[in-house]
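A.B. asks: Okay, here's the prediction I keep looking at, along with the sequence it came from:
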There are 2 protein chains.
Amino acid sequence: VSQRVRSEAEIIDTYLRPLAAGHFGAFDLSDDCAVLAVPEGQELVLSMDAVAAGVHFFADDDPADIAWKALAVNVSDLAAKGARPVAYLMSLAFPEAPRHDWLEAFARGLAEAQRAFGIALTGGDTDARPGPLSITIAAIGTIPAGRHIVRSDAHAGDILFVSGTLGDAALGLAMRKDGALADTWGLSGEQTHALAHAYLRPQPRLGLAPALLRYASAAMDVSDGLALDLQRLGRASALGAAVSLSSLPLSPAASRAVAVDPSRWNEIVAGGDDYEILAAVPASLTLDFVAAAAAGGVSVTEIGTLDEGGDVLLAGLDGAPLRPPRAGWDHFAH
Amino acid sequence: VSQRVRSEAEIIDTYLRPLAAGHFGAFDLSDDCAVLAVPEGQELVLSMDAVAAGVHFFADDDPADIAWKALAVNVSDLAAKGARPVAYLMSLAFPEAPRHDWLEAFARGLAEAQRAFGIALTGGDTDARPGPLSITIAAIGTIPAGRHIVRSDAHAGDILFVSGTLGDAALGLAMRKDGALADTWGLSGEQTHALAHAYLRPQPRLGLAPALLRYASAAMDVSDGLALDLQRLGRASALGAAVSLSSLPLSPAASRAVAVDPSRWNEIVAGGDDYEILAAVPASLTLDFVAAAAAGGVSVTEIGTLDEGGDVLLAGLDGAPLRPPRAGWDHFAH
C-alpha cells in the first residue's frame, strides 16, 4: 500500500499540474484563477456536474475509471450542444488524504479522458472533508456564436433520435451488484465486458457535434434514463411523443438481457448513465442528420415523433402504455 | 419547522430559477448547459472553490450567510485578478432533502450576493449524497484581453499592499467558538458585530479592479492567511520579502484583541478567511495605486517590499523573526 499524500501542494504539483501542461491560461495551476480567450465568432457552452462515491461510482472502482467518468459526464453535456470541449475546472473533496497510487491512477484516467475528448484541466481546488470522495467538474466548450441548441426549441413533427444504444451502463451496474447476472442472461465474455465498460467508461458523443449543429432543433444527453429525459425534452418544448420500446436501440448484450428477463427493460428506459444523445430533428432533415452522424462515427436511431399532445408516452412491446416503476433519477424523490 | 422539498425540480423551479432570471444564456436553468457570449476585446477569468459545512461554515449558520460566503469566496478570486464578475455555476450537495425555509433563506443570501457582486446564476446541478452540505461554485468574470494579473509576475523592489484589514474573520470565528471572548477582549457591541460579520459575510474587493489592472504586477486574494499566501506569492515570483506585524492593517476590534491577548496575532497572520487582496506594485506606481484604490472605495496598506531573497519572513512586534505555529490552511497537512 502506498503512502498518503501530505499536502494539497503535493497533489497539485505531482498529479494535477501535468494535466494542465501547455494550456496557456492554466498558469500551471499555480494561480487561483484561470484565463481563457474565446476565439472570435465563438461562444461558450458551460456545464457543471458532480460525481460522488456511493452515488455515481463505487469507492473501490479503479481510480482511472472514476476520473474518466467524472470528466465524461460533463463532456457529454457539451456534446449534446454540439460544442467542442476546451477546458475544465475540477473541485476534489477527499474524505482523507489520498494515497499516491490512487492519485497516480486517477491522474492517468483524467489524462486518457483529456486526450479522448480534447480538453485540458485549467483550474479548480482540492479539499479534505468528511463524506464520500466527490469530484465536481465545470466543463467549458465552444460553439459557433448564436448556434446553441437547447431542449426547448423542438417542434411538433420533429423526429426523435437517440445515439448509440440504451441501457448498457445500467445493466453493467446491475451486473456489478450481482455477479451471477452475466450467466443468467447467457452473455458472452465480450458482451459482459461491453456492459461493464459502458458503466465505467461512458463515451461522450462528440462526433455528433456537426450533425447536431446543422440539423437538430433540440438536443440533450440521456443521463437520467430515457423515460425521464424524454419527458424533460417534451416538457421544455411543450410537446408530447409516443415512443415504443420496440424502437429503442439495444446492444447485443442488452437484447439478450431483456429477452431472458423482460423486467430489465426498466434498466433500459430508466436506469440512467447512458450518456447518449437525444435529439429532435425536423422530418425533412432526417436523412441528412443520419448521414452527418455516420460521418462523425455515431449511429443514431429514430425512436418516435414529437406531437402536440401534452405527454410523453412509452409503449411496451405489446403496444400497451408503460409506466416504469421509477422514471429515472431524481436525487430527492423517494 | 417547514417541509422538506420533494424533488430536485422543486429546488430549481422555486428557489434557483429566479436567480438566473434575465440572464440570457442561463435558459431559466431549464437546460444542462449554459451559453455565454464574451464581448470582443475581453477574455475570461475562471475560479472554482467549494465550501462545506463543518469545514468552511457551521451547518447551523443562517443559510443566507452560507450562500453569501459560498459566492463571495469565489468572487474574491475574480476580484484579485481585476475581473468583472459575470456568471457562476453552482453544484449543491445536500445530505438530505433541504427544508423550504432553509432554501428560501439560502436563495435570498445568493440574491443579495448577486446584487452586490453583479453576477448571475447560469447553471449547475443539485445532488443528494451523504456528508456535509457542500456548495461548489465556478465563477466567471471578464478582463480586458491580455491584461491578466497572476501571482508570478512580481519583481524585486515591488511594494506589497494588502487591502482592508486582516484577521477579522478569524477572530470572528474564534468568538463564534468561545462566546466569552468579546468580553475578554473588551469589545464594544459594534466591534463584536464587525468581527462576526467579517466571518459570515466576506466582501470581495471588486472596487480594487481598476487599480489592480492598471498598476499591479501580481495579485492574489488572502484566503488561507497572510503568512501562507504571502509565501505563495513570493515563491510564484521567486522572490522573498520581510514583513513586520507592526505594518499589518488591523481593525479597531482586532487591535483590541491582540493588545489583550498577543497570541491572537496567530489569527491575524494565519487564521484565513480574510478575502482581502495582496498585491505587488512597482515602487514608482504606489501613489497612483493607492489613489486608484481609494477611488474604488478600497483602502490599501503597504506591508513590505519584495526582494531577491528566497524567503518570506514575518517579523514580530519586537523585530524578531516569527514562525506562526500553523502557517495558514492546508487541508492535508497536520
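C.D. replies: That came in fine, so what should we check first?

A.B. asks: At which residues are the helices of chain A located?
C.D. replies: With DSSP state H as the criterion, chain A has helices at A:8-10, A:17-20, A:63-80, A:100-117, A:168-177, A:181-185, A:189-200, A:209-215, A:226-236, A:252-260, A:265-270, A:286-295.

A.B. asks: Let me know which of these is tucked in deepest.
C.D. replies: Burial of the helices of chain A is given as mean neighbour count (mean count of other C-beta atoms under 10 Å in any protein chain shown); helix A:63-80 ranks first at a mean of 27. Just so you know, the C-beta spots here come from the backbone N, C-alpha and C atoms, and that holds for glycine as well.

A.B. asks: Tell me what angle that helix forms with helix A:189-200.
C.D. replies: Helix A:63-80 runs at 70 degrees relative to helix A:189-200, counting by axes from the mean of the first three to the mean of the last three C-alpha atoms, to 10 degrees.

A.B. asks: coming back round to it: closest one to chain B among the helices of chain A?
C.D. replies: helix A:63-80 (4.4 Å; C-beta to the nearest C-beta).

A.B. asks: For the closest one, which helices and strands make contact with it?
C.D. replies: The helices and strands touching helix A:63-80, judged by 3 or more C-beta pairs under 8 Å, 6 or more residues apart in numbering or on different chains; DSSP states H and E, are strand A:42-52, strand A:84-94, helix A:100-117, strand A:134-144, helix A:189-200, strand A:218-222, strand A:276-281.

A.B. asks: follow-up on the earlier one: could you dump the helices of chain A into a markdown table and include distance to residue B:182?
C.D. replies: As requested, the helices of chain A are exported to a markdown table (distance: least, C-beta to C-beta, whole Å):
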| stretch | distance to residue B:182 |
| --- | --- |
| helix A:8-10 | 33 |
| helix A:17-20 | 44 |
| helix A:63-80 | 45 |
| helix A:100-117 | 44 |
| helix A:168-177 | 54 |
| helix A:181-185 | 63 |
| helix A:189-200 | 54 |
| helix A:209-215 | 59 |
| helix A:226-236 | 52 |
| helix A:252-260 | 65 |
| helix A:265-270 | 56 |
| helix A:286-295 | 67 |
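
A.B. asks: For my notes, please list these in TSV and give distance to residue B:77 and mean pLDDT for each entry.
C.D. replies: Putting the helices of chain A into TSV (distance: least, C-beta to C-beta, whole Å; pLDDT from 0 to 100) gives the following:
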stretch	distance to residue B:77	mean pLDDT
helix A:8-10	16	90
helix A:17-20	17	96
helix A:63-80	21	97
helix A:100-117	23	98
helix A:168-177	36	96
helix A:181-185	47	97
helix A:189-200	34	97
helix A:209-215	31	97
helix A:226-236	33	92
helix A:252-260	45	97
helix A:265-270	40	94
helix A:286-295	40	98
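
A.B. asks: Give me the buried positions along stretch A:24-44.
C.D. replies: Using 16 or more other C-beta atoms under 10 Å in any protein chain shown as the burial criterion, the residues of stretch A:24-44 that qualify are A:25-36, A:38, A:42-44.

A.B. asks: Closest to residue B:105 out of those residues?
C.D. replies: residue A:32 (28.5 Å; C-beta to C-beta).

A.B. asks: How many neighbouring residues does the residue lying closest to residue A:232 once chain neighbours are set aside have?
C.D. replies: Take residue A:232 and drop its neighbours on the chain: the residue closest to it by C-beta to C-beta, 6 or more residues apart in numbering or on different chains is residue A:151, 6.5 Å away. For residue A:151, the neighbour count with other C-beta atoms under 10 Å in any protein chain shown is 23.

A.B. asks: show me what contacts residue A:151?
C.D. replies: A:218, A:219, A:220, A:232, A:233, A:236, A:237, B:30, B:31, B:32 (C-beta atoms under 8 Å, 6 or more residues apart in numbering or on different chains).

A.B. asks: Any chance of CSV for those, columns distance to residue B:271?
C.D. replies: Formatted as CSV, the contacts of residue A:151 follow (distance: C-beta to C-beta, whole Å):
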residue, distance to residue B:271
A:218, 51
A:219, 49
A:220, 45
A:232, 46
A:233, 49
A:236, 47
A:237, 52
B:30, 42
B:31, 41
B:32, 40
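
A.B. asks: What residues does the stretch 51-200 of chain A have near chain B?
C.D. replies: A:52, A:54-55, A:77-78, A:80-81, A:83, A:87, A:89-91, A:93-95, A:97, A:122-132, A:134, A:136, A:138, A:140, A:143, A:145, A:148, A:150-152 (C-beta under 8 Å from any C-beta of the partner chain).

A.B. asks: Weed out the non-buried ones from the residues you listed.
C.D. replies: For those, buried by 16+ other C-beta under 10 Å: A:52, A:55, A:77-78, A:80-81, A:83, A:87, A:89-91, A:93-94, A:97, A:122-129, A:131-132, A:134, A:136, A:138, A:140, A:143, A:145, A:148, A:150-152.

A.B. asks: farthest pair in the buried residues of stretch A:24-44?
C.D. replies: A:30 and A:43 (28.3 Å).

A.B. asks: sorry, back to before: need the helices and strands packed on helix A:63-80 in CSV with distance to residue A:295, can you?
C.D. replies: Shown next, in CSV, are the helices and strands packed on helix A:63-80 (distance: least, C-beta to C-beta, whole Å):
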stretch, distance to residue A:295
strand A:42-52, 22
strand A:84-94, 16
helix A:100-117, 19
strand A:134-144, 18
helix A:189-200, 24
strand A:218-222, 17
strand A:276-281, 15
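
A.B. asks: For residue B:18, find the nearest of those.
C.D. replies: Nearest of those (C-beta to C-beta): strand A:42-52, 19.0 Å.

A.B. asks: Report the distance from the closest one to the chain centre.
C.D. replies: From the chain centre to the centre of strand A:42-52 is a distance of 12 Å (C-alpha atoms, centre = their mean, to the nearest Å).

A.B. asks: who does it touch, helix- and strand-wise?
C.D. replies: Taking 3+ C-beta pairs under 8 Å, 6+ apart as the contact cut, strand A:42-52 packs with helix A:63-80, strand A:134-144, strand B:34-36, strand B:84-94, strand B:120-128, strand B:134-144.

A.B. asks: can you redo the ones you listed as TSV with distance to residue B:108?
C.D. replies: Shown next, in TSV, are these (distance: least, C-beta to C-beta, whole Å):
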stretch	distance to residue B:108
helix A:63-80	29
strand A:134-144	24
strand B:34-36	22
strand B:84-94	15
strand B:120-128	13
strand B:134-144	15
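
A.B. asks: Select, out of those, the one closest to residue B:4.
C.D. replies: That would be strand B:84-94 among these, by C-beta to C-beta, at 9.7 Å.

A.B. asks: Quick one: list the elements packing against the closest one.
C.D. replies: strand A:42-52, strand A:134-144, strand B:34-36, helix B:63-80, strand B:120-128, strand B:134-144.

A.B. asks: angle of it against strand A:134-144?
C.D. replies: Following the same axes, to 10 degrees, one obtains 140 degrees for the angle between strand B:84-94 and strand A:134-144.

A.B. asks: Work out the gap between strand B:84-94 and the centre of the chain.
C.D. replies: Worked out by C-alpha atoms, centre = their mean, strand B:84-94 lies 15 Å from the chain centre.

A.B. asks: Most proximal residue of the stretch 51-200 of chain A with respect to chain B?
C.D. replies: Closest point on the stretch 51-200 of chain A to chain B, by C-beta to the nearest C-beta, is residue A:131, at 1.6 Å.
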